[in-house]
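Chemist: Need a 3D model of the following:
(chains A and B)
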Amino acid sequence: MDDLLAARMQMAVSLGFHIVFACIGMTMPVLMAFSEWRYLRTGKQVYLDVTKAWSKGVAIFFAVGAVSGTVLSFELGLLWPGFMKHAGPIIGMPFSWEGTAFFIEAIALGIFLYGWNRLSKWAHWISGIVVGISGVLSGIFVVAANSWMNSPAGFDWKDGEAINIDPVKAMFNDAWLSQALHMTLAAFVSTGFAVAGVHAWLLLKNRRVEFHRQAMKTALVFGAIAALLQPLSGDFSAKDVAKRQPAKLAALEALYKTSKPAPLVIGGIPNDRTEKVDYALHVPGMLSFLAHGNFKAEVIGLDRFAVEDRPPVLVTHIAFQVMVACGTLLALTSILYLLFSWRNRNLLIKKWWLRLLAIMTPVGFIAVEAGWTVTETGRQPWIIYGIMRTKDALSPMPGLRYSFYVITAVYILLSFIIVWLMRRQIKTIHEFYPSSLPQ
Amino acid sequence: MILTSITIILAVAFLLYTLLGGADFGAGIIETFAGEKQEKTISRAIAPVWEANHVWLILAVVILFTAFPAVYASIALVLHIPLMIVLIGIIFRGTAFTFRHYDVIDDNTHQYYTILFRVSSFLTPVFLGITLGAMMLGRITFDTNAGFYAMFIAPWLNVFCIVMGIFSICLFGYISAVFLVGETGNDRERRKYAMFAKQFMIASMIIGILVFVSAEFSGHPLTKEFLKARFSITMLVLVLLLCPFIWVFLKRKNNKTIYLRIAIGMQVTAVLAGWFTIQFPVLIHVQNGVHLTLYNTRAPDKTLEQLLIALLVGLVLIVPAFAYLFRVFKIREFES
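Modeler: All right, here's what the predicted structure looks like:
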């Protein structure tokens, strides 16, 4: 494995690992605060039990998120010193705001997790709200830094140096809003459905457990609303990408030739040699409409870019298809959920419905990983779009592949331990929380 | 003015990381020597605060790459290997501690987390110390023709840097032992921490002297520069004067732990201030080249300005929150 590929893989592994914990860290505090609020309002023990049981899992996820985030703040430099040397002063601002938000989040979480008996009930609840808000904000700031790589702004590039730096412009670059929105919603979709799925799976063993019913409901409400908003945000993102990064759009749609009108390519396997997509479904004019709001508009294809400026089509296209498929699946499930809650509540506890939800457990996170792959792979060969190539930012240290092996091994090990610990937590819920016993 | 303010905030973040993060790492070091009986006290003491303590490192890193990008990029480039080990240490320490603390079933699997937690509690400070030592020593080179060993190994794998690593362990163990004295109501346990505090204090002094000796042997003019800096000498005198005070207070039965904590805080501040004075304004000493300083690596004014705003707003939010966290978990405990 050459060093460039190793470094890219290490970054992919590190971010792919961290993003799961970041999503959980953004969403769970909101769910916990919501559940605790219901307890404070109704006085029903079950809501408190759910909050407490969740908080024990969250403590583990949060710690892993915190350390894997620390690792990333170093890895950016360890792998891409050429990038950080120039980008640091430009995108340092969102990172410093992110640092602040994360700091508040860590402090408030400490208070939330350990302050049950030390604070008044409402003061405790407020600490949970603070965790939620700062968690979402820190996610948004990090995404702002990433969006700058897609949509560089706030500087002039002259002879390999950045001059006239304006950090505010850099932070509020064109891609900032669409990416932040898409990522925040994705966090809620993935975590909401994952949590609901786990509780649905537990309900399948015994459907008369109030604890799991309430937990599932709370998680599903947030997950479903976010899943229904996500296609709108996706449309916003697609139009934005069409305007700013036509090469990325062409790669994720596997549009080799500039077309007017352009068809939407669903599925299939792109073949760079023949410049065709095998086994795909073509919907005429649809891409023109999705990208530009007009069925007859021209969509720029990969043929407008030199070969060395094209992103890898196969990975980007497939990842995009996976993301859209997962998102669609979740959105449809959400529609069902809202319909049932409105008209036919007793369906919500039927076996087939619980099975469906249980199957959906990983789907949101698969979409998150796929979507992240799309945005990162689709930006290649650039690390700063149109300005700096990924290979030029690479650390000249030989043997980078060894740090890739080590980091990958460590994260695989951690993943196994976390799954194992969660299973232990789930197995012992009934020992701690009476409401988790069948009624 | 802006640069000065940012430098001060960077220094304070570094100081707080040394003190609070150091106490955290030290807790793992002390636990190793103290044995299993102390595990509970130590877990209880660091569980609510360790994550917040370690964010000071993230803050320092963010300031470094925003305000002094060349320094960050250079460290990341040539000190890749020790930093990678620091990262592995950070991952295992934080996760092993949390896994042990939050696992619902207490069985023999916990011994693995304990081993990981303790090993990484040593490993991380050693390599943090080594990294810092390498930045001071001046064997760093950016000449890619120098070869792998000269560029990526020699700057940090040497006697001086290793002594710096050991010094970090002694210092962190010392800080932690002094903190832990105030974390237990059990008299026997407290005496035990007091004993550790004294031992680590003596060890820190001996290794501290060795830092100077090894610098001399490595051709680093640390002693000469120290003797020239009056402020640093004053700081050292202050550190030494505080030692008997701490020693006596460790002996007291119903000691007012808050005085102990203030005293150790002053000591660590004095050590770092004295060191910083000698270094100033250099952040990385370079072999055959221009040293990287606060001035020649500074980011453009507009960046510094925005960074300072973010930091000030951040601190206005963080400092009271942080104080509240410590009030809830560290001060009320003494009162009850």
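Chemist: how long is stretch A:358-368 end to end?
Modeler: End-to-end distance for stretch A:358-368: 18 Å, by C-alpha to C-alpha, to the nearest Å.
Chemist: for the spatially closest residue to residue B:19 that is not a sequence neighbour, what are its contacts?
Modeler: Spatial nearest neighbour of residue B:19, chain neighbours left out: residue B:268 (5.3 Å); criterion: C-beta to C-beta, 6 or more residues apart in numbering or on different chains. To be clear about C-beta, it is placed using only N, CA and C from the backbone, and glycine gets the same treatment. Going by C-beta atoms under 8 Å, 6 or more residues apart in numbering or on different chains, residue B:268 touches B:15, B:18, B:19, B:22, B:171, B:175.
Chemist: Next: residue B:70.
Modeler: Counting by C-beta under 8 Å, 6+ apart, residue B:70 has contacts A:85, B:292, B:296, B:297.
Chemist: I figured the second one was touching residue B:74, is that so?
Modeler: Yes: using C-beta atoms under 8 Å as the test, residue B:292 is close enough to residue B:74 to be in contact (6.2 Å).
Chemist: so what's the residue of chain B found nearest chain A closest to, chain neighbours aside?
Modeler: For chain B, the residue closest to chain A is residue B:66, as judged by C-beta to the nearest C-beta, at 2.4 Å. Among residues not flanking residue B:66 along the chain, residue A:92 sits closest, at 2.4 Å (C-beta to C-beta, 6+ apart).
Chemist: average pLDDT across stretch A:428-439?
Modeler: For stretch A:428-439, mean pLDDT is 78.
Chemist: Report the secondary structure element holding residue 133.
Modeler: Going with chain A. Applying DSSP states H and E as the criterion places residue A:133 in helix A:121-150.
Chemist: nope, chain B please
Modeler: helix B:110-137.
Chemist: for that helix, packing partners?
Modeler: Contacts defined by 3 or more C-beta pairs under 8 Å, 6 or more residues apart in numbering or on different chains; DSSP states H and E place helix B:110-137 against helix B:22-34, helix B:69-78, helix B:80-102, helix B:159-181.
Chemist: which one of these lies closest to residue A:363?
Modeler: Within the helices and strands packed on helix B:110-137, the stretch nearest residue A:363 is helix B:80-102; the backing value is 26.4 Å (C-beta to C-beta).
Chemist: quick one: is that closest one near chain A?
Modeler: Yes: figure legend: helix B:80-102 in contact with chain A (C-beta under 8 Å from any C-beta of the partner chain); contacting residues B:80, B:83-84, B:86-88, B:90-95, B:97-99, B:101-102.
Chemist: Any idea which helix or strand in chain B has the lowest mean pLDDT?
Modeler: helix B:332-335 (a mean of 46; mean pLDDT, DSSP states H and E).
Chemist: what residue ranges in chain A score low on pLDDT?
Modeler: Where chain A drops to pLDDT under 70, the residues are A:439.
Chemist: Let me see the contact set for residue B:192.
Modeler: B:34, B:38.
Chemist: now it, what's its secondary structure?
Modeler: helix (DSSP: H, G, I helix; E, B strand; the rest coil).
Chemist: again with residue B:322
Modeler: helix.
Chemist: didn't it look like it was pressed against residue A:107?
Modeler: Yes: here residue B:322 reaches residue A:107: they are 5.9 Å apart, a contact under C-beta under 8 Å.
Chemist: So which residue is smack in the middle of chain A?
Modeler: residue A:368 (4.3 Å; C-alpha atoms, centre = their mean).
Chemist: joint contacts of residue B:292 and residue B:74?
Modeler: residue B:284.
Chemist: Export stretch B:278-295 to PDB, keeping only CA atoms.
Modeler: Output of stretch B:278-295 as PDB, limited to C-alpha atoms (Å, rounded to 0.1, in the frame of the first residue of the first chain):
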ATOM      1  CA  ILE B 278      14.100  30.500  29.300                       C
ATOM      2  CA  GLN B 279      12.400  29.300  26.100                       C
ATOM      3  CA  PHE B 280      10.800  32.600  25.100                       C
ATOM      4  CA  PRO B 281      10.100  33.300  22.300                       C
ATOM      5  CA  VAL B 282      11.200  30.000  20.800                       C
ATOM      6  CA  LEU B 283       8.700  27.200  20.500                       C
ATOM      7  CA  ILE B 284      10.900  24.800  18.500                       C
ATOM      8  CA  HIS B 285      14.700  24.800  18.500                       C
ATOM      9  CA  VAL B 286      16.000  23.700  15.100                       C
ATOM     10  CA  GLN B 287      19.300  22.200  14.100                       C
ATOM     11  CA  ASN B 288      21.200  24.400  11.600                       C
ATOM     12  CA  GLY B 289      18.400  26.800  10.900                       C
ATOM     13  CA  VAL B 290      16.100  29.500  12.100                       C
ATOM     14  CA  HIS B 291      14.300  28.500  15.400                       C
ATOM     15  CA  LEU B 292      10.500  28.600  15.100                       C
ATOM     16  CA  THR B 293       9.300  31.300  17.400                       C
ATOM     17  CA  LEU B 294       6.000  32.900  18.500                       C
ATOM     18  CA  TYR B 295       6.900  35.800  16.100                       C
END
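Chemist: list the buried ones in that stretch?
Modeler: Buried residues in stretch B:278-295, counted by 16 or more other C-beta atoms under 10 Å in any protein chain shown: B:278, B:279, B:282, B:283, B:284, B:285, B:286, B:287, B:291, B:292, B:293, B:294.
Chemist: near chain A, which of those show up?
Modeler: Applying C-beta under 8 Å from any C-beta to the buried residues of stretch B:278-295, none is adjacent to chain A.
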